[in-house]
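> generate a structure from the sequence data that follows.
(chains A, B, C and D)
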2 protein chains.
Amino acid sequence: MKEFLKTKGFKMTPQRELIFRSFFELDEHVSVDELYDRVRQQDNSIGYATVWRNLKLICKVGLAEEVNIGDGITRYDRITKVPHGHLFCTVCKGVTEINVEQLVGLLAQAANSRGFTPDSFKIEVQGVCDGCHGKVEGNGQ
Amino acid sequence: MKEFLKTKGFKMTPQRELIFRSFFELDEHVSVDELYDRVRQQDNSIGYATVWRNLKLICKVGLAEEVNIGDGITRYDRITKVPHGHLFCTVCKGVTEINVEQLVGLLAQAANSRGFTPDSFKIEVQGVCDGCHGKVEGNGQ
DNA sequence: TCGCCAAATGAAAACGATTTTCATTTTCAA
DNA sequence: TTGAAAATGAAAATCGTTTTCATTTGGCGA
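Have a look, this model is predicted:
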């Protein structure tokens, strides 16, 4: 990783190493706050801005991307080779990934036919997950 | 519209009427600021909060939904019967809609097979639109 | 190894869009 | 007409994000 960053013109630091490691250990879609909390457990001298900047850096070097559900909080999602979409449960706020390879193919085709060259895709579904179906019926709000 | 709102428990006011009308006249995906500016041309006494609250109201009664591209600005998009996705041009910031009826069908199927009950779909593609292809090659950044 | 310079860090402040508060006005059903 | 509930406008509060600035650090070249 140090070498990888060097080729991009960035330096390695203890803080950065911890932040990167923590980020990649999680398979969740973390927010700055969440990663900050996690990183703090290892080193409580790391500043919030540092976590934020490194999350941005991870995106800049192409290892993650920002995800926006619309709740006002930006999350960071590791970029994997397989294009995937997200199922957001509006009850438990959980996120599940689904493979959308074929869908992306169709989408790209549709975009291309309109002279649009796709760069990245975002496919999100909001709804209620399996585990939350019981809960919803029971409450009024 | 007045009757419609009444059934939902809301009242009609001159400001509300102007805001609703202005919103539905636009087929663009407007932000609060944009709609505020537009509404102000008709009545410069309307407050920002009123425009914001009414945009939220339009969503609450199911006539629009919030769209988030990730630029930090929430836009409001009329809900139409035909599910559609968005093509966001990263060069000119333009938005084009595409029909994604079949895609949504496939998505719903995929979600259902995992016990997930879909509620709404968000399909977004970032890339370069037809008109901007020429521009991009020319500049370094 | 030493010194330098660009990059990185931490704390705090700045930003900016969104949301709330509060006093006042308005709608609308009785 | 009248009262209760809802809506409005202005201003302030929120809150996540981003920048500033002084200081420290990493890592290359001498």
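> please count neighbours and contacts with C-alpha atoms only from this point.
OK.
> quick check: residue A:98 is in a helix.
No. Assignment of residue A:98 by DSSP: H, G, I helix; E, B strand; the rest coil gives strand, placing it outside any helix.
> is it correct that it is in contact with residue A:88?
No. Using CA atoms under 8 Å, residue A:98 is not in contact with residue A:88, being 10.8 Å away.
> of these two, which one has the most company?
residue A:88 (23 against 19; other CA atoms under 10 Å in any protein chain shown).
> let me know the pLDDT of the more buried one.
What the model reports as pLDDT for residue A:88 is 84.
> does chain B sit close to the helix or strand containing it?
Using DSSP states H and E, residue A:88 maps to strand A:84-89. Yes. Remark: strand A:84-89 sits within contact range of chain B at residue A:87, by CA under 8 Å from any CA of the partner chain.
> which elements pack onto that strand?
With contacts taken as 3 or more CA pairs under 8 Å, 6 or more residues apart in numbering or on different chains; DSSP states H and E, strand A:84-89 sits against strand A:95-99, strand A:117-128.
> got the contact list for that strand?
A:94-101, A:122-129, B:111, B:116 (CA atoms under 8 Å, 6 or more residues apart in numbering or on different chains).
> got the CA positions of that strand in CSV?
Extracted as CSV, the C-alpha positions of strand A:84-89 are listed here (Å, rounded to 0.1, in the frame of the first residue of the first chain):
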residue,chain,number,x,y,z
HIS,A,84,-23.3,-3.9,-7.3
GLY,A,85,-26.4,-2.2,-6.1
HIS,A,86,-27.7,-1.5,-2.7
LEU,A,87,-30.8,-2.5,-0.9
PHE,A,88,-31.5,0.0,1.8
CYS,A,89,-33.9,-1.1,4.5
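> what's the neighbour count on residue A:54?
Neighbourhood size, residue A:54 [other CA under 10 Å]: 18.
> ok, the nearest residue to it once chain neighbours are set aside to chain B distance?
Leaving aside its sequence neighbours, residue A:54 sits nearest to residue A:16 (CA to CA, 6 or more residues apart in numbering or on different chains; 6.7 Å). Using CA to the nearest CA, to the nearest Å, we find residue A:16 at a distance of 25 Å from chain B.
> so what pLDDT did residue A:16 get?
97.
> output the below-cut-off pLDDT ranges for chain A.
Scanning chain A for pLDDT under 70 picks out the ranges A:27, A:134-141.
> residues of it that sit close to DNA strand D?
Residues of chain A lying close to DNA strand D (CA under 7 Å from any atom of the strand) are A:2, A:6, A:11-14, A:31-33, A:49, A:52-53, A:72-75.
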